[in-house]
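Trainee: build me a model:
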Amino acid sequence: MELIDTHTHLDFPDFDIDRREVLAHSRQLGVQRMVVLGVYQQNWQRLWDLVQTDEGLFAAFGLHPVYLDEHRPADLTELGDWLSRLHGHRQLCAVGEIGLDYFLEQLDREHQQRLFEAQLKLAVDVQLPALLHVRRSHAAVIATLKRIRLPRGGIIHAFAGSLEEAREYIKLGFKLGLGGAATWPQALRMHKVLAQLPLEAVVLETDSPDMAPVMYPGQRNSPQHLPDICSALAERMGISPLLLAEASTRNACDVFNW
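Mentor: Numbering: from 1, shown residues only. Next comes the predicted model:
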């Protein structure tokens with residue numbers, strides 16, 4: 001069973017002690033490729049240095065809305081420079097992690113919106129998909145994506161919206177990222193949505209080191225957990241883990257043009 005972890009933060013210090021072992025064990029379990037996402041300018045070089053050590057790692061660069069107060073105006077220009085300089089490199093796969101976060105009330109929504117739109121336009125310019133953080137902001141994100149159309153689409157990370165919102169994203173060319181959150185028994189609404197999602201629209205992810213699944217409560221999340229996440233989600237969807245793994249891998253390859 002081959003799996004692709006479409007959303008990790010393997011460059012984070014959480015993995016500094018045993019990153020090599022985590023990668024090796026993940027491969028043994030079938031997780032062959034992993035996407036590592038940048039969240040602020042300070043981690044882009046560290047991230048790129050990491051993916052250059054392993055041909056099965058792929059990079060995305062972005063300015064995450066949660067770190068809004070840390071981003072400088074020059075960072076957006078530098079992001080454009082990074083994307084232009086690495087354009088065409090096999091290990092540059094997307095723009096991300098970008099998006100809108102309405103859960104944290106201290107984050108200025110207008111500032112977030114301007115930054116989000118500017119990064120979407122960069123994704124259009126460099127012809128890459130976008131990996132989106134969407135928290136309590138589905139309506140605003142969908143409206144923005146209808147105005148700024150991404151030819152390559154992308155992934156809605158940690159999708160937890162309604163079936164209607166899922167359909168809107170799918171129409172806009174996006175896949176829906178499913179991970180540990182939906183494995184918890186209290187995610188009742190998401191369980192109902194899961195059973196109705198078309199297989200051709202889903203991809204699997206961990207968000208390592210965050211969003212641990214129910215079988216690893218309170219632990220550091222890891223790409224090693226993706227097979228267990230796949231099995232738990234497949235059960236909720238009423239299909240076999242192999243069928244979900246095959247669909248997710250196929251869909252991820254479609255997004256990233258692999």
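Trainee: would you map the strands across the stretch 51-200 of the chain?
Mentor: Secondary structure of the stretch 51-200 of the chain (DSSP state E, counting those that start in this stretch): strands located at 57-61, 92-101, 130-135, 154-157, 174-178.
Trainee: next one: phi and psi at Pro217?
Mentor: With angles defined as degrees, to the nearest 10, Pro217 sits at phi -60, psi 130.
Trainee: tell me how many other residues surround it.
Mentor: 9 (other C-beta atoms under 10 Å). Every C-beta, even on glycine, is put in place using the N, C-alpha and C of the backbone.
Trainee: now Ile170
Mentor: If we define neighbours as other C-beta under 10 Å, then Ile170 has 18 of them.
Trainee: of all the strands of the stretch 51-200 of the chain, which lies closest to Lys146?
Mentor: Nearest to Lys146 among the strands of the stretch 51-200 of the chain is strand 174-178; the distance by C-beta to C-beta comes to 11.8 Å.
Trainee: output the strands of the stretch 51-200 of the chain as CSV; include the columns mean neighbour count, mean pLDDT and distance to Met211.
Mentor: As requested, the strands of the stretch 51-200 of the chain are exported to CSV (neighbours: other C-beta atoms under 10 Å; pLDDT from 0 to 100; distance: least, C-beta to C-beta, whole Å):
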stretch, mean neighbour count, mean pLDDT, distance to Met211
strand 57-61, 25, 98, 17
strand 92-101, 26, 98, 13
strand 130-135, 25, 98, 12
strand 154-157, 28, 98, 10
strand 174-178, 25, 98, 10
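Trainee: how far off centre is the longest helix belonging to the chain?
Mentor: Taking DSSP state H as the criterion, the chain has its longest helix at helix 109-126. In terms of C-alpha atoms, centre = their mean, to the nearest Å, the centre of helix 109-126 is found 17 Å from the chain centre.
Trainee: could I get stretch 171-180 in CSV with only the CA atoms?
Mentor: Provided in CSV are the C-alpha atoms of stretch 171-180 (Å, rounded to 0.1, in the frame of the first residue of the first chain):
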residue,chain,number,x,y,z
LYS,A,171,-16.0,22.5,-8.5
LEU,A,172,-13.1,25.0,-8.1
GLY,A,173,-10.6,22.2,-8.7
PHE,A,174,-9.5,21.5,-5.2
LYS,A,175,-9.0,18.2,-3.3
LEU,A,176,-9.9,17.8,0.3
GLY,A,177,-7.2,17.0,2.8
LEU,A,178,-8.2,14.4,5.5
GLY,A,179,-6.2,13.6,8.5
GLY,A,180,-6.2,12.9,12.2
